[in-house]
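J.: sharing a model that was predicted from the sequence below.
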Amino acid sequence: MGIMIIGIAGGTGSGKTTLTERLKERFGDDVSIIYHDNYYKQHDGMTYDERSKLNYDHPDAFDTELMIEHVNRLRRGESVRCPVYDYSIHNRTDKTVEIHPTKVIIVEGILIFQNQELRDLMDIKIFVDTDADVRILRRIMRDVLERKRSLESVVNQYLDTVKPMHEQFVEPSKRAADIIVLEGGRNIVALDMIMQRVHSHIAGLPAQTSQV
């Protein structure tokens, strides 16, 4: 059996990271994760204030071509050096993280289904669908507590770019999904079905032995 590529997409705060983490916890070293967020374009020539005003929810904010190259290399069995993004400075750092090819590669991000070339590399496409009010509350909690941002800046960004970009790009990309999961990793029934499919692949069992 070759390497299985699983795409997990969904709006900000939808629960896609929780789903990704549940799969990683269950299958350990058989799973590697590559985050689209780490492929935000580098803007060393801008000041912090200039970078903070960029639209980070538009497809053009990402170096998706580099991610496509890395996913292709992983599928061929090659390791890659993934860039590392720092939200506190709105820029990439000078560090990289080595990602090794494993039986299952999870590609996660809000816009990974928007690009057809990237989408076509995925064997299973999962979209995590969660109500907008829940997503914004989760984003506020995350950005204020974990990323040390002000409540005002989080709300302004949501209204100015996150919400309109979600409606323009993220929500329409749901149509490309093979599976739509409500509430992400908190959906125990869907999580169990996905885990069965992943287990079948890792164990080398025929795909029809699990239903997803």
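T.: Now that the structure is in, tell me what you want to look at. Residues are numbered from 1 along each chain as shown.

J.: so for the longest strand along the chain, what gets flagged as buried?
T.: Within the chain, and with DSSP state E defining each element, the longest strand by residue count is strand 91-99. Buried residues in strand 91-99, counted by 16 or more other Cβ atoms under 10 Å: Asn91, Arg92, Ile99. C-beta here means a position set from N, CA and C on the backbone, and glycine is covered the same way.

J.: how about the second one, nearest residue that isn't a chain neighbour?
T.: The spatially closest residue to Arg92, leaving aside those adjacent along the chain, is Gln42, at 4.6 Å (Cβ to Cβ, 6 or more residues apart in numbering).

J.: wait, doesn't the one you found sit right on His90?
T.: No. Judged on Cβ atoms under 8 Å, Gln42 makes no contact with His90 at a distance of 10.6 Å.

J.: the more surrounded of these two?
T.: Higher neighbour count among Gln42 and His90: His90, with 18 against 14, using other Cβ atoms under 10 Å.

J.: so where's this structure shaky on pLDDT?
T.: For the chain, the stretches flagged by pLDDT under 70 are 1, 207-212.

J.: let me see the ranges of the strands in it.
T.: For the chain, the strands defined by DSSP E occupy 4-10, 31-35, 80-86, 91-99, 104-108, 124-129, 179-182.

J.: could you dump these to a markdown table with distance to Gln114?
T.: Formatted as a markdown table, the strands of the chain follow (distance: least, Cβ to Cβ, whole Å):
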| stretch | distance to Gln114 |
| --- | --- |
| strand 4-10 | 8 |
| strand 31-35 | 15 |
| strand 80-86 | 18 |
| strand 91-99 | 21 |
| strand 104-108 | 13 |
| strand 124-129 | 12 |
| strand 179-182 | 16 |
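
J.: quick one, which of those strands is packed in tightest?
T.: With neighbours defined as mean count of other Cβ atoms under 10 Å, those peak in mean count at strand 4-10, which reaches a mean of 26.

J.: now do that strand against strand 31-35, angle only.
T.: 40 degrees (axes from the mean of the first three to the mean of the last three Cα atoms, to 10 degrees).

J.: relative to the whole chain's centre, how far out is strand 4-10?
T.: Centre-to-centre, strand 4-10 and its host chain are 7 Å apart (Cα atoms, centre = their mean, to the nearest Å).

J.: alpha carbons of stretch 101-113, as CSV, please.
T.: Provided in CSV are the C-alpha atoms of stretch 101-113 (Å, rounded to 0.1, in the frame of the first residue of the first chain):
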residue,chain,number,x,y,z
PRO,A,101,6.8,10.3,4.9
THR,A,102,4.4,8.0,6.8
LYS,A,103,1.6,5.7,5.9
VAL,A,104,-0.9,8.6,6.3
ILE,A,105,-0.2,12.3,5.6
ILE,A,106,-2.8,14.8,6.9
VAL,A,107,-3.0,18.1,5.1
GLU,A,108,-4.9,20.7,7.2
GLY,A,109,-6.0,24.2,6.5
ILE,A,110,-8.9,26.5,5.8
LEU,A,111,-8.3,26.8,2.0
ILE,A,112,-6.7,23.4,1.0
PHE,A,113,-9.7,22.5,-1.1
